[in-house]
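Novice: got a structure for you, letters missing:
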Ligand SMILES: Cc1ncc(COP(=O)(O)O)c(C=O)c1O
């Protein structure tokens, strides 16, 4: 496959214009949108407006005048479109970790069953949060290998916690089938959608999903440390109580009452004052999807994956692809195994190809259809082949590990 063929694919890409919505530095191929989405051009202008006008000039009047107070629900409704959920079923608040804690504790109290089941090798914050929540409410945490999860769902399972698209391999669970299997056994499922939202087509309502959380800073392009979202199916909302009873989740925060009365619906899952600047950046990030249907994005993601996987098979056989080849079994990133994945990743970054490393031996590339071109992937495969040929990664400086990998 030649660069010309890659360019021809770009010319016929119906989503090619979306790339112009993003700031993408010259000389960089950015394949890390699954960790930190690129900056939408609209975000910089919008942040200036929020800071200078809404905060600077209008000051505290902006809580109502600029709609700050409703932003968690409004931005949640925007995200709901990407999740196949109803607008009143998604709320933006806190971090994924904190939202997970709130949902696990709240949902566990609906039943007296004693097991919280999750996957070994799940993203570690999920396991840590699950262990803390389980300890608090008196559940036993059962951490099972992926192949055993469905078999272990039983009469004692209170909650099943799964990450829909695995952060390392990109493997994807069948949400409808697993949720139904848990429900038949009398358990609720909590999905972590951090690597799914804005990446794969989701149909939470149709698939019968009950509870979910996810990040704002990856495919949703909300910026570093963007607030996260949580989803609670409408039929469960009035039955759940947040364990973090903050004033913003009160039915009348400005009544300043001593007693706690949860807000109706999903708003009860707010705790403290929402981070308005970050919320507005997330809103711009979510708006960068406007005009692109999730199904069209997924078609492009699948084409990008196939194109890159074929190039890498040809040019870099030393890198072993660990992501499923079948589109319906994976997310929107592709991962390779190599004993020196860390060092290789550092050389690639120095050369302007930004992917990331996940311990102990995974080199991971995010394929974000909103702003990636086939040409970028052609260049990425060339860069990988050149680094492997040159063995530059053996230089000791590339083995130095920073705080963030
Ligand atoms: C699956 C998954 N869950 C959660 C997180 C992080 O959550 P938080 O928003 O609390 O930092 C990540 C971050 O990469 C993730 O991949």
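Specialist: Cool, got the structure. Predicted model only: the values in this text are computed from it and were never measured.
Novice: neighbouring strands - and their directions - for the longest strand seen in the chain?
Specialist: Criterion DSSP state E: the longest strand present in the chain is strand 157-163. Using DSSP bridges, strand 157-163 pairs in its sheet with strand 115-119 (parallel), strand 188-192 (parallel).
Novice: highest average neighbour count across the ones you listed?
Specialist: Highest mean neighbour count among those (mean count of other CB atoms under 10 Å): strand 188-192, with a mean of 26. Where C-beta positions appear, they are placed from N, C-alpha and C, glycine not excepted.
Novice: next one: that strand, is it in contact with the ligand?
Specialist: Yes: applying CB under 6 Å from any ligand atom, one finds strand 188-192 touching the ligand at residue 192.
Novice: average model confidence for the helix or strand hosting residue 9?
Specialist: Using DSSP states H and E, residue 9 falls within helix 3-11. Helix 3-11 carries an average pLDDT of 97.
Novice: quick check: what element follows that helix along the chain?
Specialist: Next helix or strand after helix 3-11 toward the C-terminus (DSSP H and E): strand 22-23.
Novice: by contact count, what packs against that next one?
Specialist: Counting by 3 or more CB pairs under 8 Å, 6 or more residues apart in numbering; DSSP states H and E, the packing neighbours recorded for strand 22-23 are strand 39-40, helix 41-49.
Novice: distance from the helix or strand just after it to the middle of the chain?
Specialist: Next along the chain after strand 22-23, taking DSSP H and E as the criterion, comes strand 29-30. Chain-centre distance of strand 29-30: 19 Å, with CA atoms, centre = their mean, to the nearest Å.
Novice: equivalent analysis for stretch 71-89, please.
Specialist: On CA atoms, centre = their mean, the centre of stretch 71-89 falls 15 Å from the chain's centre.
Novice: how about stretch 361-372?
Specialist: Distance of stretch 361-372 from the chain centroid (CA atoms, centre = their mean) equals 13 Å.
Novice: give me the contact status of it with the ligand.
Specialist: No: Stretch 361-372 does not reach the ligand (CB under 6 Å from any ligand atom); its nearest approach is 10.8 Å.
Novice: end to end on stretch 4-17, go ahead and measure it.
Specialist: Distance between the two ends of stretch 4-17: 19 Å, counting by CA to CA, to the nearest Å.
Novice: can you check stretch 75-92 too?
Specialist: Stretch 75-92 has an end-to-end distance of 7 Å (criterion: CA to CA).
Novice: helices or strands up against the single longest helix found in the chain?
Specialist: Of all segments of type helix in the chain, defined using DSSP state H, the longest is helix 294-315. On a contact count with 3+ CB pairs under 8 Å, 6+ apart, helix 294-315 meets helix 3-11, strand 320-321, strand 333-337, helix 374-390.
Novice: looking at these, which is closest to residue 223?
Specialist: Residue 223 lies closest to strand 333-337 among the helices and strands packed on helix 294-315, at 19.4 Å (CB to CB).
Novice: and the closest one, which strands flank it?
Specialist: Strand pairing (DSSP bridges) places strand 333-337 next to strand 320-321 (antiparallel), strand 362-366 (antiparallel).
Novice: buried sites along that strand?
Specialist: 333, 334, 335, 336, 337 (16 or more other CB atoms under 10 Å).
Novice: quick one: work out the angle between it and helix 294-315.
Specialist: Angle, strand 333-337 to helix 294-315, by axes from the mean of the first three to the mean of the last three CA atoms, to 10 degrees: 20 degrees.
Novice: residues in contact with strand 333-337?
Specialist: By CB atoms under 8 Å, 6 or more residues apart in numbering, the residues outside strand 333-337 that reach it are 34, 168-170, 195, 199, 305, 308-309, 312, 316, 319-323, 358, 361-367.
Novice: surely residue 191 touches residue 162?
Specialist: Yes: Residue 191 is in contact with residue 162 according to CB atoms under 8 Å; the separation is 6.1 Å.
Novice: please tell me how far residue 363 sits from residue 188.
Specialist: Distance of residue 363 to residue 188, computed by CB to CB, to the nearest Å: 36 Å.
Novice: nope, residue 274 is what I was after
Specialist: 27 Å.
Novice: likewise for residue 50?
Specialist: Residue 50 sits 37 Å away from residue 188, taking CB to CB as the criterion.
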